[in-house]
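Trainee: Provided below for reference: sequence and predicted model.
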Amino acid sequence: MHRLWAMAILLAIGLASLSPRAAPAQQEYWQQSQWSPEEFKRLVDEWETDRDAFTPSTRTVLPGQTVVEWSYSYIDNRYGFDTHSLPETLVRFGITPRLELRLGWNYEVGGGGNVVSANEGSEGLDGLVLARESRMLYGLKYELSRQRGWIPQSSVILEGFTPTSGEVTGTQPAATYVFGWELPKSWRLDAAMRYSTGNILGDSFNHWGPSVVLRMPLNERWQLHAEYFGVFTQGEEMRASRAFFSPGGHVMLTPNLELGLRMGWGISADSANYFTNVGFGWRY
């Protein structure tokens, strides 16, 4: 079954690649935005992936554009088997000046779910046994506000995660609110709160995922960041608190191709020892 979902996603990507170029939609976007030509050119040039950190970008994809993201995560779990997560596919379609649609698919194997990538479902694998599962992601992202003084740039992400293989059968909803400010020297401070539900062996509970990241551009191509994020359960019989410190960065190989690497270490007793995540994003 998961192969069918993977083929469907690849077909969607292929169809998107046949869509008209984004220039007419971008021109209309600029005319409606009331931004100066300089501000709009910067927005077009400085696009962002959501996979670059646990905290997603505050920006949506421009109308008529598509951003495709892939990554691989390795998690050295403190207890049980290590986790491998790939390809963490996320396809983002710009629909209107504030709205993007999202579609993705991922496969995980190990002794614990992927708790280090915000665009994947929260923990769902039993840490005591080696398990395999795959999930389809679908949803939307909507820009709520643009930075004006102390008013932050902000967006909300609403998603569903439906299993396509494995023992888990229920759909997992998730909601994320992300906001942030641009600081002097083009540094940015972004924060997010993610909420999702969980169910393990009939035990239903809530996941809360706070995060904050400081993004520091070195030049037009290189950017570094330092981040704190956590995943905390509420109402679970075996309540867990997982927190991480995570540095990382990315390089723009071309104006439309980003390569990123991040890593992190658990800073609470329930956290994994460490993780690594490498991936890239492609805009067209």
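Mentor: Alright, I've got the coordinates. Note that the structure is predicted; figures quoted are calculated from it, not measured.

Trainee: Please give me every residue in contact with the closest residue to F54 other than its chain neighbours.
Mentor: Of all residues not flanking F54 in the chain, F229 sits nearest, at 4.1 Å (C-beta to C-beta, 6 or more residues apart in numbering). C-betas here are computed from N, CA, C, even on glycine. With contacts taken as C-beta atoms under 8 Å, 6 or more residues apart in numbering, F229 has the following neighbours: 54-55, 116, 118, 209-213, 243-244, 246.

Trainee: Can you point out the buried residues in the helix or strand harbouring F229?
Mentor: Per DSSP states H and E: F229 is located in strand 222-234. When burial is assessed from 16 or more other C-beta atoms under 10 Å, strand 222-234 yields the following buried residues: 223, 225, 227-233.

Trainee: Tell me the first helix or strand C-terminal of it.
Mentor: Strand 222-234 is succeeded, C-terminally, by strand 241-254 (DSSP H and E).

Trainee: So what angle separates the directions of that following strand and strand 222-234?
Mentor: Using axes from the mean of the first three to the mean of the last three C-alpha atoms, to 10 degrees, the direction of strand 241-254 lies 150 degrees away from that of strand 222-234.

Trainee: hang on, the earlier thing: nearest to D76 among the buried residues of strand 222-234?
Mentor: Taking C-beta to C-beta as the measure, D76 lies nearest V231 of the buried residues of strand 222-234, at 16.0 Å.

Trainee: distance of that closest one from G149?
Mentor: Separation of V231 from G149 (C-beta to C-beta, to the nearest Å): 33 Å.

Trainee: Count the residues that sit near H84.
Mentor: Neighbours of H84 under the rule other C-beta atoms under 10 Å: 15.

Trainee: I'd say S211 and G230 touch.
Mentor: Yes. Counting by C-beta atoms under 8 Å, S211 touches G230, with 7.3 Å between them.

Trainee: Report the contact partners of K141.
Mentor: Neighbours of K141 in contact, by C-beta under 8 Å, 6+ apart: 56, 60, 92, 99-100, 102, 155-158.

Trainee: just checking, which of those residues belong to strands?
Mentor: 92, 99-100, 102, 155-158 (DSSP state E).

Trainee: Kindly present the contacts of F229 as JSON lines, with separate columns for neighbour count and pLDDT.
Mentor: Formatted as JSON lines, these follow (neighbours: other C-beta atoms under 10 Å; pLDDT from 0 to 100):
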{"residue": "F54", "neighbour count": "29", "pLDDT": "96"}
{"residue": "T55", "neighbour count": "28", "pLDDT": "97"}
{"residue": "V116", "neighbour count": "27", "pLDDT": "90"}
{"residue": "A118", "neighbour count": "25", "pLDDT": "81"}
{"residue": "G209", "neighbour count": "21", "pLDDT": "93"}
{"residue": "P210", "neighbour count": "16", "pLDDT": "96"}
{"residue": "S211", "neighbour count": "23", "pLDDT": "97"}
{"residue": "V212", "neighbour count": "16", "pLDDT": "98"}
{"residue": "V213", "neighbour count": "24", "pLDDT": "98"}
{"residue": "A243", "neighbour count": "18", "pLDDT": "95"}
{"residue": "F244", "neighbour count": "23", "pLDDT": "96"}
{"residue": "S246", "neighbour count": "23", "pLDDT": "98"}
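
Trainee: Return the members of the ones in strands among the contacts of K141 classed as buried.
Mentor: Taking 16+ other C-beta under 10 Å as the criterion, what is buried in these is 92, 99-100, 102, 155, 157.

Trainee: with these in mind, which one is nearest to F179?
Mentor: S155 (7.9 Å).

Trainee: From what I see, the closest one and E143 are in contact.
Mentor: Yes. S155 lies in contact with E143 (C-beta under 8 Å); the separation is 4.9 Å.

Trainee: Determine the residues that are contacts of both of these two.
Mentor: Contact criterion C-beta under 8 Å, 6+ apart; residues shared by S155 and E143: 58-60.

Trainee: Just the buried residues from those residues, in ChimeraX please.
Mentor: To isolate the buried members of the shared contacts of S155 and E143 in ChimeraX, using 16+ other C-beta under 10 Å:
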select :58,59,60
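
Trainee: now, which of the shared contacts of S155 and E143 sits nearest T83?
Mentor: Of those, the one sitting nearest to T83 (C-beta to C-beta) turns out to be T58, at 28.2 Å.

Trainee: So what sits opposite A192 in the bridge?
Mentor: V178, S211 (DSSP bridges).
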